[in-house]
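S.K.: Here you go, sequence then predicted model.
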Amino acid sequence: MPRTLALIALLCGLLFSVPLQAQVRQEIAFPDLPGYSTLKCDFHMHSVFSDGSVWPTVRVDEAWRLGLDAISLTDHIEYQPHEDDIRADLNRPFDLAAARAEQHDLLFPRGAEITRDTPPGHFNAIFLDDIRPLDTADFVEVIKRANAQNAFVFWNHQEWKGPERGRWMEVHTQIYENEWLHGMEVCNGATYYPTAHRWCLEKGLTMLGNSDIHGPDLVNRTVSEEHRTLTLVFARQRSLEALQEALFAGRTAVWFENQVIGRREWLEPMFARCVTVDQPHLRTVRAVWTKLRNHCDLEIRLQRTGELGPAEIILPARSVTLLKVGTGSPEAAQKLSYLATNFVIEPETGLPVTLEIQAAETP
Ligand SMILES: [Zn+2]
Ligand SMILES: [Zn+2]
């Protein structure tokens, strides 16, 4: 009996001397583009330091677990419903989490949400050096001060509420013409804003998609069916400077529900790397048999626009799909024309793509 007790004590000792749960990360699959790394980013979230319900370091742990590369904690400057319980400097949430972000190899620009009534609405500023100077009455002055720190400034959830809902107003022209406004949320959480999408295209603003998460993220791993609304940033390398440069240059796309939304310039090379066609494994008298590979975490939907191939093809995330193409010349190269309906280049507009099947090698 004493030996059994000793054994139990030993086992307990072993159990509690090692970490109970290793931190495991599930990578999100979106391909890098020629010359650019694809960074998975969320630039809008809250902690207990404004109206969120988690401690700032929790945001870092969640982002790591879910496969993100960069996040910004953007607590409201002007709205702090927990201030009777938590009184702190505006920089405190960032300062509390910065070391943890570094330990997790997560890019973590300092950010804040400028939370004025509507109009003008809510704006995020990220890559700030110091949030405190933004706590000032005049809205235009706040945006000017953010820009004095070289911050990247974007307009959040544009159609949320208020008189500026769906409207571009004088104050927006003022900050835009000063080049103090650099982007807009095309998607925030579960909402897509077609007006913001159109304005980004017309005015050369950077497209963003963010979670605006307030509660804890209870998702364990990112999958195509259940993922945060994210910004994919095409950066020259994985660094804060490169991230900032890519945002100012507009090299982004938005992963929203089962769509990627972005400029054709970026979605075209992304599709080319997401979907590849194998060398055919069988050529019969009337058909070619091959495989389509989807390398990314998006279920890709294709609608035929040409003569060849099935009328509709759905490529589940990270999968291989068998493809039979009926043709009278199975030895020849084939070009299949499709519309990738969930690669969105304008509101309600998919991306035209070509699937190329190689010719048989002549001996
Ligand atoms: Zn907001
Ligand atoms: Zn927010």
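M.R.: Sure thing, it's come through. Ligands and ions are numbered 1, 2, ... in the order given.
S.K.: Let me know whether residue 130 touches residue 95 as I believe.
M.R.: No. With contact defined as CB atoms under 8 Å, residue 130 does not count as touching residue 95 (11.0 Å). All C-beta atoms are positioned from the backbone trio N, CA, C, and that covers glycine.
S.K.: For stretch 145-157, which outside residues touch it?
M.R.: 43-44, 113-114, 121-130, 133-134, 136, 143, 172, 175, 178-185, 188, 191, 193, 196, 205-206, 208, 210, 212, 244, 247-248 (CB atoms under 8 Å, 6 or more residues apart in numbering).
S.K.: change it to 6 Å
M.R.: The set of residues external to stretch 145-157 that reach it, using CB atoms under 6 Å, 6 or more residues apart in numbering, is 122-129, 133-134, 180-185, 188, 208, 247.
S.K.: Give me the pLDDT for the residue nearest to residue 311 when sequence neighbours are not counted.
M.R.: Residue nearest to residue 311 in three dimensions, not counting chain neighbours: residue 304, with 5.0 Å by CB to CB, 6 or more residues apart in numbering. According to the prediction, residue 304 has pLDDT 98.
S.K.: How about the one 3 residues further on?
M.R.: The model reports residue 307 with a pLDDT of 94.
S.K.: Could you give the number of residues near it?
M.R.: 8 (other CB atoms under 10 Å).
S.K.: repeat for residue 72
M.R.: Count around residue 72 with other CB under 10 Å applied: 25.
S.K.: give the contact list for the nearest residue to it once chain neighbours are set aside.
M.R.: Distance criterion CB to CB, 6+ apart; nearest residue to residue 72, sequence neighbours excluded, is residue 111 at 3.6 Å. By CB under 6 Å, 6+ apart, residue 111 lies in contact with 72, 74, 126.
S.K.: and of the residues you listed, the nearest to ligand 1?
M.R.: residue 74 (8.7 Å; CB to the ion).
S.K.: Quick check: the closest one touching residue 123?
M.R.: No. The criterion here is CB atoms under 6 Å, and residue 74 misses it with residue 123 at 9.8 Å.
S.K.: the more surrounded of the two?
M.R.: A count of neighbours by other CB under 10 Å puts residue 74 above the other of residue 74 and residue 123, at 33 against 26.
S.K.: Per-residue pLDDT of the more buried one, please?
M.R.: In this model, residue 74 is scored at 98, pLDDT.
S.K.: That one: which element?
M.R.: Using DSSP states H and E, residue 74 sits within no helix or strand.
S.K.: Check residue 60 too.
M.R.: helix 56-65.
S.K.: For the very next helix or strand once past that helix, give me every contacting residue.
M.R.: Going down the chain from helix 56-65, the next helix or strand is strand 70-71, by DSSP H and E. Residues from elsewhere that reach strand 70-71 (CB under 6 Å, 6+ apart): 39, 41-42, 63, 107, 243.
S.K.: so which of the residues you listed comes closest to residue 285?
M.R.: Of all those, residue 285 sits closest to residue 39, with 48.4 Å by CB to CB.
S.K.: the inter-axis angle of the helix or strand the closest one falls within versus helix 56-65?
M.R.: For residue 39, the host element (DSSP H and E) is strand 37-42. Going by axes from the mean of the first three to the mean of the last three CA atoms, to 10 degrees, strand 37-42 is angled at 140 degrees with respect to helix 56-65.
S.K.: mind listing the helices for the stretch 251-363 of the chain?
M.R.: If DSSP state H, counting those that start in this stretch is used as the criterion, the helices of the stretch 251-363 of the chain fall at 264-274.
S.K.: Strands of that one, residue ranges please.
M.R.: 252-256, 259-262, 275-277, 282-283, 287-294, 300-304, 312-315, 319-326, 334-340, 343-344, 351-357 (DSSP state E, counting those that start in this stretch).
S.K.: Could I get those strands in CSV, plus columns for distance to ligand 2?
M.R.: Compiled in CSV, the strands of the stretch 251-363 of the chain are given as follows (distance: least, CB to the ion, whole Å):
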stretch, distance to ligand 2
strand 252-256, 17
strand 259-262, 20
strand 275-277, 35
strand 282-283, 54
strand 287-294, 33
strand 300-304, 31
strand 312-315, 34
strand 319-326, 35
strand 334-340, 31
strand 343-344, 24
strand 351-357, 30
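S.K.: could those be laid out in JSON lines, adding mean neighbour count?
M.R.: Conversion of the strands of the stretch 251-363 of the chain to JSON lines gives the following (neighbours: other CB atoms under 10 Å):
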{"stretch": "strand 252-256", "mean neighbour count": "25"}
{"stretch": "strand 259-262", "mean neighbour count": "24"}
{"stretch": "strand 275-277", "mean neighbour count": "18"}
{"stretch": "strand 282-283", "mean neighbour count": "14"}
{"stretch": "strand 287-294", "mean neighbour count": "18"}
{"stretch": "strand 300-304", "mean neighbour count": "20"}
{"stretch": "strand 312-315", "mean neighbour count": "16"}
{"stretch": "strand 319-326", "mean neighbour count": "14"}
{"stretch": "strand 334-340", "mean neighbour count": "19"}
{"stretch": "strand 343-344", "mean neighbour count": "25"}
{"stretch": "strand 351-357", "mean neighbour count": "17"}
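S.K.: Among those, single out whichever gets nearest to ligand 1.
M.R.: strand 252-256 (17.2 Å).
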